[in-house]
Each structure stands twice: as C-alpha cells, then as structure tokens.
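> show me how the following folds:
(chains A and B)
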Amino acid sequence: MFGQLRMIITLIIIMGIAGAGMYVFKLRADNATLKANQFKLETAITEQNKVLEQQKADFEAILESNKKLNILIQTFKKDLDDLDKRFTKKNRDVGKLAIDRTKAVEKVINKGAKNAARCLELASGAEHTEEELKATKKSEINPECPALANPSYVPY
Amino acid sequence: MYHISKILAIALIVFLTGCSIGGEKKIKIFSIEKPRENLDYPMPTALELEQIKWIIITSENAEEVFAKLEAAGIDPVLFGLTDKDFQILAKNFAQIRQKLQETTNLLEEYKKYYETDENSN
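From the prediction side, this is the model:
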C-alpha cells in the first residue's frame, strides 16, 4: 500500500517536473515567436516610413513640375501679348509704316523673322549660344522669346 | 528469442520512419522585384531652320522690286500677304513655337519624374 502511494507520488513529481519543463520550452518558443514578430513589425514600420517619404518626395516633385509648367504658360501669354503690342502699340499701322518706310520695315521684319526662327530652334531643344546666355540687356536679348532665349533674363 | 523480437521491432521502426529522418527539403520560392526598363529614347534632334527673306512690296516700289529680282536671276514672282495676314502669320508661328516648347518641357518633366534613380526603383 505504502509502496503504491510512493509510486504515485513519484509519478506525480516526475509529471510535474516534465510539465514544468514543457511549459518552459513553450515559453521559450513563445518568446522566440514574439521576438520574430517584433522584428517583422519594426521592418514593416521602416518600410512604411520609406514609402511615405517617397510619396512625399513624389508629391513635392509633382507640385514643383506643375509650378514650372504654370510659369511657362504665363510666359507664353506674356510673349503673345508683347507680340500683339508690337504690331498695335500707339495705334501703329504696320501697313502704313511699310509704305512710308519700306526699307526700314523690311529690315525690322527680316530681323524679327530670324529671331522667331531661332526661337523655334530653341523650343525644339537647340543648345543656347554663349551670346544668348550672356544677354542681360533689351538690346541683346531675342525679343521674340526672351524667357526661352535666356531663362535667367530679368525683363525690365 | 525475446532479444530477436526486440531487434526486429527496432529495425521495423527504423525501416518505417527512416525516410522521414532528416525529412524532405523545403522548397523556397524567392520573388525578386525587377524594376521596369527605362524607355530611354534620346531627345528629338533640335530644328535647324533655313532663313527666309521677306520682301515688302508696295504700289510704289513694285517695279523696282521685280526688276531687282530679274537682275538677280530670280523668277519675278512673289507670294504675298497683307499686313493683317502677316500679323496673323507671326502670331500663328509664336503659338506653334509655344506648343513645341510646352511639349518639349512636358517630355523633359516626364523623363525627370519617371527615370530618375529614386523613382525608377
């Protein structure tokens, strides 16, 4: 009777120790899983931050690009208005002027045509000449497209 | 006899589970993100325009102009525009140039946005 009781107690103790050991193993495994999860979460957060930063940079690039294009379109309007003014300034009549001062007007028109052709070349991507880039005065700049002929030219 | 059956039992267990010791190797599937190739067209060649000469012809200088043309060996014929049409032509050319410039700029902006290192990844 006593022997059986001892066996049962021994068994309970052994099972208790085994259970405790298994519990420790389970805790270790849980800990490892949690560590791995933590690492994955941290990596995910870093990646998300990178994506957000990229999105921010993209958004800024789009805004900058839009701004540039808007400025360009404003410049176009101004150039067209300037061209119109050149023909109609102070009730100017180009036809009459051409009759009165044929040679002078012919010279002006040929110079204007040459400038306009150069503007077309520049608009299609031609390289600027040194002279064009150095132009800072009204007399030096191509009046048909000042902003295109020298992007750093400040009209006055 | 007892030992033989013990050995046989162990051998049977080893025989049945032998293939699972070490196990099958797990297949690993990698996915590598490859960025799309850049189109990388060179920018269109810039225009190189030939120069034209405008001649102003009035009722007064018409004879002189045609005489000069004939003297220079050029056919005495001119394609004319009125002063108003000349203005329209000038404005039309300005608009064509602006459209060209706008398109070139757009192309450059697209190229810059989609083909820079930070955006191509």
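> show the average pLDDT along the helix or strand where B:K99 lies.
Taking DSSP states H and E as the criterion, B:K99 maps to helix B:83-115. Mean pLDDT, helix B:83-115: 91.
> now stretch A:21-34
Stretch A:21-34 comes out at a mean pLDDT of 94.
> ok now that stretch, how far from the chain's centre?
Mean C-alpha position of stretch A:21-34 versus that of the full chain (Cα atoms, centre = their mean, to the nearest Å) differs by 50 Å.
> so the helix holding B:K99, near chain A or not?
Yes: using Cβ under 8 Å from any Cβ of the partner chain, helix B:83-115 reaches chain A at B:83-84, B:86-87, B:90-91, B:93-98, B:100-102, B:104-106, B:109, B:112-113. Yep, even glycine has a C-beta here, placed from its N, CA and C like the rest.
> filter those down to the buried ones.
Buried residues within these, counting neighbours by 16 or more other Cβ atoms under 10 Å in any protein chain shown: B:83, B:86-87, B:90, B:93-94, B:97-98, B:100-101, B:104-105, B:109.
> identify the farthest-apart pair in those residues.
Largest separation among those by Cβ to Cβ: B:D83 and B:E109, giving 39.0 Å.
> average pLDDT for stretch B:55-68?
94.
> next, the buried residues of that stretch.
Buried, per 16+ other Cβ under 10 Å, within stretch B:55-68: B:56-57, B:61, B:65-66.
> likewise stretch A:14-33?
Of the residues in stretch A:14-33, none is buried (16+ other Cβ under 10 Å).
> cool, and stretch A:137-156?
Those would be A:141-150, A:153, for stretch A:137-156 by 16+ other Cβ under 10 Å.
> and what of stretch A:71-83?
Buried, per 16+ other Cβ under 10 Å, within stretch A:71-83: A:72, A:75-76, A:79, A:82-83.
> chain center to the helix or strand of chain A with the lowest mean pLDDT: distance?
Every helix and strand of chain A was ranked by mean pLDDT, DSSP states H and E. The lowest is helix A:146-149, at a mean of 88. Per Cα atoms, centre = their mean, the displacement of helix A:146-149 from the mean C-alpha position of its chain is 23 Å.
> packing partners of that helix?
helix A:2-88, helix A:102-123 (3 or more Cβ pairs under 8 Å, 6 or more residues apart in numbering or on different chains; DSSP states H and E).
> closest one to B:I52 among those?
Per Cβ to Cβ, nearest to B:I52 of those: helix A:102-123, 6.5 Å.
> residue ranges with poor pLDDT in chain A?
For chain A, applying pLDDT under 70 flags no range at all.
> measure the residue positioned nearest the centre of it to A:G125 for me?
Nearest to the geometric centre of chain A sits A:A61, at 1.8 Å (Cα atoms, centre = their mean). Distance, A:A61 to A:G125, by Cβ to Cβ, to the nearest Å: 22 Å.
> for A:P143, same thing?
21 Å.
> A:V94 now?
32 Å.
> so between these two, which is more surrounded?
Between A:V94 and A:G125, counted using other Cβ atoms under 10 Å in any protein chain shown, A:V94 has the larger neighbour count: 20 against 16.
> tell me the residues on chain B that lie near chain A, please.
B:43-49, B:51-56, B:58, B:60-61, B:82-84, B:86-87, B:90-91, B:93-98, B:100-102, B:104-106, B:109, B:112-113, B:118-119.
> what segments of chain B are helices?
B:2-17, B:62-71, B:83-115, B:117-120 (DSSP state H).
> can you give me the buried ones in the first one?
Using 16+ other Cβ under 10 Å as the burial criterion, none of the residues of helix B:2-17 qualify.
> walk me through the domains of chain A.
If you go by automatic domain parsing, the domain ranges for chain A are A:1-89, A:93-149.
> which one of those lies nearest to B:K26?
domain A:1-89 (17.3 Å).
> could you see whether chain B lies near the closest one?
Yes: residues of domain A:1-89 are located near chain B by Cβ under 8 Å from any Cβ, namely A:54, A:57-58, A:61-62, A:65, A:68-69, A:72-73, A:76, A:79-80, A:83-84, A:87.
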